[in-house]
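Colleague: Kindly return the folded structure for what I paste below:
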Amino acid sequence: MTETVVVIYSGGMDSFTLLHLARARGYRVHALSFDYGQRHVRELECARQVCEALSVPHKVIDIRALSEVMAGSALTDAVDVPEGHYEEDNMKATVVPNRNMILLSLATGYAVTAGAVAVWYGAHGGDHAIYPDCRPEFVEKMDAVCQVANYEPVKIEAPFMGSDKGAILAEGLKLGLDYSRTWTCYNGRDRACGVCGSCVERLEAFAANGVSDPLPYEVET
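Modeller: Numbering: from 1, shown residues only. Next up, the predicted model:
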């Protein structure tokens, strides 16, 4: 019998690749997205369109009511989005307090409801410098907790944990994926800014693979 996994699907390039990887490996996929008040909420529309085209079950959970306990991030509040690379200290302004623990907990509940064996999310090696909830230790401990939190054990898996964004893109290119159907920029404007940490890392990934990013940018790339 085909196993089911819940993929936390933001609409960005990492989770887009992860969604397709799960399907390529033969899993039945349920996609789960979250509206937590992120200024780049347009990523959710990308997620909706992709899931609709693939006929993948997709739920968008509105958790904006939690904004008062997830405050202070440049992704959710009136704080300037920092520019530069993820390894720079100023990028800590993009950390949303306890975000992944909250999202993984909710996704685990949905996994039990959907009869899924695991929750997949797109944490990867490039996130380790800034985001504590994307590091191996966090994933290991969340996995241990979620396997005993219910009568039905649910695994927490981050298949890209040992990969950087360039390697993730390489995997997606092998699958023939169209990255114009993703949104990565932390600013939710008409065009990607090209200078925030998320854009910089994305552009580096495309350059490392010798291909052009299909998204339009505000700055020349």
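Colleague: residue boundaries of the strands in the chain?
Modeller: Secondary structure of the chain (DSSP state E): strands located at 4-8, 28-35, 58-62, 118-120, 155-157.
Colleague: In TSV: the ones you listed, plus distance to L21, mean neighbour count and mean pLDDT.
Modeller: From N, CA and C alone the C-beta is placed, and that goes for glycine too. Formatted as TSV, the strands of the chain follow (distance: least, CB to CB, whole Å; neighbours: other CB atoms under 10 Å; pLDDT from 0 to 100):
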stretch	distance to L21	mean neighbour count	mean pLDDT
strand 4-8	9	25	98
strand 28-35	10	21	96
strand 58-62	17	15	96
strand 118-120	8	26	98
strand 155-157	11	20	98
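Colleague: Including distance to E137, could these go into JSON lines?
Modeller: Below are the strands of the chain laid out as JSON lines (distance: least, CB to CB, whole Å):
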{"stretch": "strand 4-8", "distance to E137": "19"}
{"stretch": "strand 28-35", "distance to E137": "23"}
{"stretch": "strand 58-62", "distance to E137": "26"}
{"stretch": "strand 118-120", "distance to E137": "17"}
{"stretch": "strand 155-157", "distance to E137": "12"}
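Colleague: ok, now how distant is the nearest residue to R23 once chain neighbours are set aside from V117?
Modeller: Among residues not flanking R23 along the chain, V29 sits closest, at 5.6 Å (CB to CB, 6 or more residues apart in numbering). With distances taken as CB to CB, to the nearest Å, V29 is found 12 Å from V117.
Colleague: low pLDDT regions in this protein?
Modeller: 39-40, 70-96, 128, 221 (pLDDT under 70).
Colleague: remind me, longest helix of it?
Modeller: helix 99-114 (DSSP state H).
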